[in-house]
Every structure is written in structure tokens, then in C-alpha cells.
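>>> I would like to see how this sequence folds:
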Amino acid sequence: MEVNFKKAFETLGPSLIDGIGIVVYITIVGFTCALVFALLIAIGRLSKNKILDRLLSIFIEIVRGTPLLVQFFYIYYVVPMLLNGAMGLLGQDTNIQIPAATCGIIGFTINYGCYMSEVIRSAILAIDFGQREAGLALGFSENQVLFHFIIPPALRNSVPVFGNYLVMLIKDTSLLAMITVQELLLRTKTFASQTFLTVEAYTILALVYLVISLPLSQLSRIVERRLKQVR
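Presented below is the predicted three-dimensional model:
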């Protein structure tokens, strides 16, 4: 078997560089939205509204009980059909379609948001109850205590876990190839099928993911160490 990494790199490289831009964009937007979504879910579950807590708990179980890839397919194929069907009942003939990259961001927001919400909720519950009491004693309202004394340290304590989720999310962007997002895997798969440089193409792809993931893992450790020094 002959391998030609030089040809593969020269041909596939520029395409992968474009794909990296898409992966980074979806990762940053998806992770940021997931973090906000997770915080909202965690606050909702910790509220005194038992019905809201129960509904959110069921929603989390549904999301965690289904594969991420199935969720992407559902958002990309099923949701537009449901929306068009609902508009049809209202007498409107529509052809609603959701861009594949947007579906990816929505999917990551929901899926990772549910997982990270449990991390945040646990971190909030781990905060010393005395901090809440001290805040209330100083005249702060419940919401002020929550956003000034409870959530900030809870988020800081969750940073190591968030770092792991960020790296996982980057690798999970490869699933978006199944809904036609022009990310790294789809570009590599197309290249390999056209040139038969399969070994070279997928080896380069694996190296690209390592180049993206390893610095982020290291950055997560650095941030974790810095936060420990601040405490």
C-alpha cells in the first residue's frame, strides 16, 4: 500500500482550514448558548415552583435518554415538517427549512445545556448555606443573593467540568456531517471518496482534531489552576 501524505495535505489542507472555521464558530456559539441555557434550567430547577422543577426534570431525562445524532436529525428534518404542518392548519402554505449549522447550534444548546445544568445545579447546592444567610442579613434580596453570592462561585467551581464539555463538543461537531454541515469530517469523507487517499485523509483529520482539542484542554487546566489560586 502506497501513501501520499504530501498530495493529501496539499489538496485537503485548504478545505480543512475552511472547515476549522465552521467548527470553531459552531463550538463557540453552541457552547455559549448551552451555558446560558444550562444556567436557566438550573435556576428553574432550584426554584420553589415544584411543577416547573418536575417539567424541567422530565425534559432533561428526555434529552439525556436520546442520542445527540438523533436530536440533530429531529431538529433538521422533523421540526421543519411539524412547523410547515402547523402553518398548513392555519391555511398558510410554507416551506420552512432550518439551516444545517443552525440546527447544530440548537442541538448542542439543548443537549449540552441539559448536561451542564446538572453540573451547575450541583455546584449551587454545594455552596455554603451561610453565604445566602449572610447576603440576606446584609439586606440583599433573594435574587441579588443568587446572582451575586451563589452563582459566581458555583460557576467558578464548575470550570473544570465545563472544560471537558467544551472539548467533547468540538469532537461532537463531527456528527454534524450527517446533516450536511460542511465541517471537517464531511470534507474529509468527500475527499477520500474522490481520491481514494483514505489513510492519509483520515489521519490528517485526526491530527487536526488533536491540534484543536489539546490546546483547549491545556487552557482549561491553566484556568482551573488560576481559579484555585484566586480562592
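>>> Not counting its neighbours along the chain, what's nearest Ile105?
Using C-beta to C-beta, 6 or more residues apart in numbering and skipping residues adjacent in sequence, the residue nearest Ile105 is Gly30, 4.7 Å away. C-beta: built from backbone N, CA, C; applies to glycine.
>>> quick one: average pLDDT of the helix or strand Leu207 falls within?
Leu207 belongs to helix 198-230 when assigned by DSSP states H and E. Averaged across helix 198-230, pLDDT comes to 86.
>>> Mind listing what's buried along that helix?
Within helix 198-230, the residues that qualify as buried by neighbour count (16 or more other C-beta atoms under 10 Å) are 200-205, 208-209, 212, 216, 220.
>>> since we're on the residue nearest to Ile105, how many residues are nearby?
Other residues near Gly30 come to 27 when the count uses other C-beta atoms under 10 Å.
>>> how close does it sit to Tyr112?
Here Gly30 is placed at a distance of 7 Å from Tyr112 (C-beta to C-beta, to the nearest Å).
>>> Quick one: the helices in the chain, in order.
5-46, 50-64, 68-73, 79-89, 100-126, 129-137, 142-145, 151-172, 184-195, 198-230 (DSSP state H).
>>> ok, and what's touching the helix or strand of the chain with the lowest mean pLDDT?
Within the chain, no helix or strand scores below helix 129-137, which has a mean of 80 by mean pLDDT, DSSP states H and E. Outside helix 129-137, the residues that touch it by C-beta atoms under 8 Å, 6 or more residues apart in numbering are 142, 144-145, 148-150, 153.
>>> Next up, the contacts around Leu184.
Leu184 touches 16, 19-20, 23, 173-174, 205, 208-209, counting by C-beta under 8 Å, 6+ apart.
>>> if you set the cut-off to 10 Å instead, what comes out?
Neighbour list for Leu184: 12, 15-20, 22-23, 170, 173-174, 176-177, 204-205, 208-209, 212 [criterion: C-beta atoms under 10 Å, 6 or more residues apart in numbering].
>>> buried stuff in the least confident helix or strand of the chain?
Going by neighbour count (16+ other C-beta under 10 Å), the buried part of helix 129-137 is 132, 135.
>>> one step back: mind putting the contacts of helix 129-137 in CSV, pLDDT included?
Converted to CSV, these look like this (pLDDT from 0 to 100):
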residue, pLDDT
Glu142, 81
Gln144, 86
Val145, 86
His148, 84
Phe149, 86
Ile150, 88
Pro153, 87
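>>> May I ask which of these has the most neighbours?
Neighbour-wise, these (other C-beta under 10 Å) top out at Ile150, 22 neighbours.
>>> Identify the residues contacting Ser213.
Ser213 neighbours (C-beta under 10 Å, 6+ apart): 166-168, 170-171.
>>> Pro14 now?
The contact partners of Pro14, taken as C-beta under 10 Å, 6+ apart, number zero.
>>> ditto for Leu35
Neighbour list for Leu35: 109, 112-113, 116-117, 120, 155, 158, 162, 165-166 [criterion: C-beta under 10 Å, 6+ apart].
>>> ok, back up a step: quick one: buried ones out of the contacts of Ser213?
For the contacts of Ser213, a burial check counting by 16+ other C-beta under 10 Å picks out 166-167, 170.
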